[in-house]
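1. Quick one, fold the following:
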Amino acid sequence: MKKILLGLVFLLSATCAGLAQQVETVGVEVLAKTTESWDGNTLPTYATGQPEVTILKITIPPKMKLEVHRHPIINAGVLLKGKLTVVTENEEILHMKAGDAIVEVVNKWHYGKNESDEPAEILVFYAGIKGEPVTVKK
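-> Residues are numbered from 1 along each chain as shown. So this is what the prediction gives:
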């Protein structure tokens, strides 16, 4: 009986240690939490309607400049790879590197450009309304 109890204690200890290791490996890092876009303007209130979430992974080839556009809805992203520069019509500039988060400007004309020799890859989350565009080109 003693051997069985010792075996159970050992098994329980090993299981608890394994769970503790799992808990210790979970990490949470807040990349962005704000009420403002990257240019310092307060984000607009949400529109009414059926919410629709869109998640895009966008790859911008080396030396490419995107068309001037605007986003009528709140969106945020994380640059996964490369470097990216965002420029507004007012010449406000944001330089991003891999790992940087962005809370994008809303209803403000801007463009992105990849000035490097490597592709830039960004994951973008849009909080929109069903049937409405996430991007409008100028």
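2. Tell me, how many residues neighbour L94?
-> 18 (other C-beta atoms under 10 Å). In this view, the C-beta of every residue, glycine as well, is placed from N, C-alpha and C.
3. mind listing the strands for the protein?
-> Here the chain has its strands, by DSSP state E, at 51-60, 69-70, 74-81, 83-88, 93-97, 101-103, 110-113, 120-129, 136-137.
4. Can you add mean pLDDT and give those back as a markdown table?
-> Converted to a markdown table, those look like this (pLDDT from 0 to 100):
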| stretch | mean pLDDT |
| --- | --- |
| strand 51-60 | 98 |
| strand 69-70 | 98 |
| strand 74-81 | 98 |
| strand 83-88 | 98 |
| strand 93-97 | 98 |
| strand 101-103 | 98 |
| strand 110-113 | 98 |
| strand 120-129 | 97 |
| strand 136-137 | 98 |
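5. Which among these is found nearest to D39?
-> Smallest distance to D39 across the strands of the chain (C-beta to C-beta): 6.5 Å, for strand 83-88.
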